[in-house]
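Engineer: Dropping the sequence and predicted coords here.
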Amino acid sequence: MNVIVSNKNQLLLENLGIDVIKEMNGEFDVDEIIATFQNFFFQRMILDITAIKNYTDIVNLQKLSISLDMEKVILLLDGTEATSNPTFLSNLVSMGIYNFTKNVEGIQYLYNTPNTYRDVAQFHRLDATFANAQMAQNQQFIAPAPAIDTPQPEFYGTRIIGVKNITKQSGASSLVYMMKNELSKNYSVVGIEVDKTDFNYFKDKSLISTITSEVGSVINKNRDKNVIIIDINNSMVAEGFCQEVLYLIEPSILKLQKLMVLNATALHGLKDKKIVLNQSLLSQTDVANFEYEARVKVFYNLAPLNEREKRLPELNKMLVKLGFTKQQSEI
C-alpha cells in the first residue's frame, strides 16, 4: 500500500490510480513527516515537496534522506527555479534522492520503474561539492551557516580534517580510526562519522557517530581537542566544516572503472585537492602514470594497513606530511 503527503499539488495527486493506505495534506515540519512514517510500512510514498516546511532548505531534505528509505519515495517538485536549478538537483542526487519529477507522468513512471544513480548521474555536479569545501577554506575555515538550529563550531586551535571516499568503499572509516589512534599518542583527538554508524564496530568511545543536522554541535563539544577527524560520507555540511579534506581513491582497475562508469568526470574536480591513494599497491612509476592520465596530483600513496597493529610507520609518514611534526618520533 502507498502513502501520499500533499499540499499545493493535492488535486494533482488525487487521481493517480494507486492504492493509498494513508494520506496527509498540508504543510508539515520535516520531523513530523519522519515521526509519522519512519516505522510505518508502505510500498511507495508520493511526497509533494510543498508539503515540507522550508523545503528549499536542502538540510530538511537531507533529514528525510537519513531517516526514510528514499528508494520508496517519489518526490514531486514544484517546478520553481528554487527546486529546478542544477545545484538543488545535484544536492538531491548527493543525498541518494533519485526519484524526483515535476509531473504526474513522471510519478507514474517512477512508481513502476524507480531510478538508479545512473538514471540521474547527469544532474550530479561533483565540482559543486568540492567548491563548497574550497569556499569554506577561503573564508578562514568557517563555513556559511547551514539553515539548521545548531551552533556553529569555533575552531580556535583545533585542526579539523575530513576524510571522504571518492571511489566506493575506499576505507574512509578505517583510515579515520587508524589516524585517530596514531595521533592520540601525541595529541588529543576525536573521530566523527556523519550519517552512518560504522564506528560502532570499533567499540571505541573516542569515535562518535552523528547526523548532518547535529555535526556542528558535536564539533563544538569537542573544540577542546587538538584534532578532529571527520568521516564525511556524503554530507556537504560536514565537508564545509573541515579545514582540509583527504579525498580517498582506491586505485584498483575495478574501483576506477566503476567510478568512471558512474561519472566520467569525477576526477576533474579533484585538481589541487589532497588526493590519497588508499590501500594502494602502486609503484612510484604507476603513481606518475595515474597523475598524468587523471590530470591530478597525488598527495600521498598509502599502502594497505593492518588496523590491528599498534605502530603504523607508513601512516605516520603521511601524518608528518600533513604537518604533525610530533609524529616524527613515532616513525
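Structural biologist: Thanks, I have it. Numbering: from 1, shown residues only.
Engineer: quick one: the strands in the stretch 1-150 of the chain?
Structural biologist: For the stretch 1-150 of the chain, the strands defined by DSSP state E, counting those that start in this stretch cover 2-6, 20-25, 44-48, 73-76, 100-101.
Engineer: Can you list the helices and strands that the last one packs against?
Structural biologist: By that I understand strand 100-101. With contacts defined as 3 or more Cβ pairs under 8 Å, 6 or more residues apart in numbering; DSSP states H and E, strand 100-101 has these neighbours: strand 73-76, helix 104-112. To be clear about C-beta, it is placed using only N, CA and C from the backbone, and glycine gets the same treatment.
Engineer: Which element, helix or strand, includes the residue nearest the centre of the chain?
Structural biologist: Centroid-nearest residue in the chain, with Cα atoms, centre = their mean: Asn234, separated by 0.7 Å. Using DSSP states H and E, no element contains Asn234; it sits outside every helix and strand.
Engineer: show me the contacts for it.
Structural biologist: For Asn234, the contact set (Cβ atoms under 8 Å, 6 or more residues apart in numbering) comprises 94-96, 195.
Engineer: Buried members of these into ChimeraX, please.
Structural biologist: For the buried members of the contacts of Asn234, the matching ChimeraX selection, counting by 16 or more other Cβ atoms under 10 Å, is:
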select :94,95,195
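Engineer: Of the contacts of Asn234, which pair is most distant in space?
Structural biologist: Spatial extent of those (Cβ to Cβ) is set by the pair Ser94 and Asp195 at 11.2 Å.
Engineer: coming back round to it: mind putting the contacts of Asn234 into JSON lines with distance to Tyr201 and pLDDT?
Structural biologist: Listed next are the contacts of Asn234 as JSON lines, based on distance: Cβ to Cβ, whole Å; pLDDT from 0 to 100:
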{"residue": "Ser94", "distance to Tyr201": "25", "pLDDT": "76"}
{"residue": "Met95", "distance to Tyr201": "24", "pLDDT": "78"}
{"residue": "Gly96", "distance to Tyr201": "22", "pLDDT": "80"}
{"residue": "Asp195", "distance to Tyr201": "16", "pLDDT": "91"}
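Engineer: can you put the contacts of Asn234 in CSV and add distance to Glu81?
Structural biologist: Converted to CSV, those look like this (distance: Cβ to Cβ, whole Å):
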residue, distance to Glu81
Ser94, 19
Met95, 20
Gly96, 24
Asp195, 28
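Engineer: Which of the contacts of Asn234 fall in helices?
Structural biologist: Using DSSP state H, Ser94 are the members of the contacts of Asn234 that sit in helices.
Engineer: just to revisit the earlier point, which stretch among the strands of the stretch 1-150 of the chain comes nearest Asp224?
Structural biologist: Set against Asp224 and scored by Cβ to Cβ, the strands of the stretch 1-150 of the chain come closest in strand 73-76, at 40.0 Å.
Engineer: so what's Phe42 up against?
Structural biologist: Taking Cβ under 8 Å, 6+ apart, we find Phe42 in contact with 1-3, 21-22, 72.
Engineer: Out of these, grab the one that's most surrounded.
Structural biologist: Neighbour counts for the contacts of Phe42 (other Cβ atoms under 10 Å) peak at Val3, which has 21 neighbours.
Engineer: Verify the stated contact: it with Ile18.
Structural biologist: No - applying Cβ atoms under 8 Å as the test, Val3 and Ile18 come out as separate, 10.1 Å apart.
Engineer: and for those two, which residues touch both?
Structural biologist: 44, 46.
Engineer: ok, how many other residues are close to the residue nearest to Pro114 when sequence neighbours are not counted?
Structural biologist: Among residues not flanking Pro114 along the chain, Asn99 sits closest, at 5.5 Å (Cβ to Cβ, 6 or more residues apart in numbering). A count of nearby residues for Asn99, using other Cβ under 10 Å, gives 27.
Engineer: Got the confidence number for Asn99?
Structural biologist: At Asn99, the predicted lDDT confidence score is 93.
Engineer: Next: Thr56.
Structural biologist: pLDDT recorded at Thr56 is 90.
Engineer: For Ile18, give its distance to Met178.
Structural biologist: 49 Å (Cβ to Cβ, to the nearest Å).
Engineer: who's more crowded, these two?
Structural biologist: Met178 (20 against 15).
Engineer: tell me the secondary structure for that one?
Structural biologist: Three-state call for Met178 (DSSP: H, G, I helix; E, B strand; the rest coil): helix.
Engineer: I figured it was touching Glu307, is that so?
Structural biologist: Yes - using Cβ under 8 Å, Met178 is in contact with Glu307, at 5.4 Å.
Engineer: just checking, next helix/strand downstream of the worst-scoring helix or strand of the chain on mean pLDDT?
Structural biologist: Ranked by mean pLDDT, DSSP states H and E, the helix or strand of the chain with the weakest confidence is helix 126-138, at a mean of 43. On the C-terminal side of helix 126-138, the nearest following helix or strand under DSSP H and E is strand 159-165.
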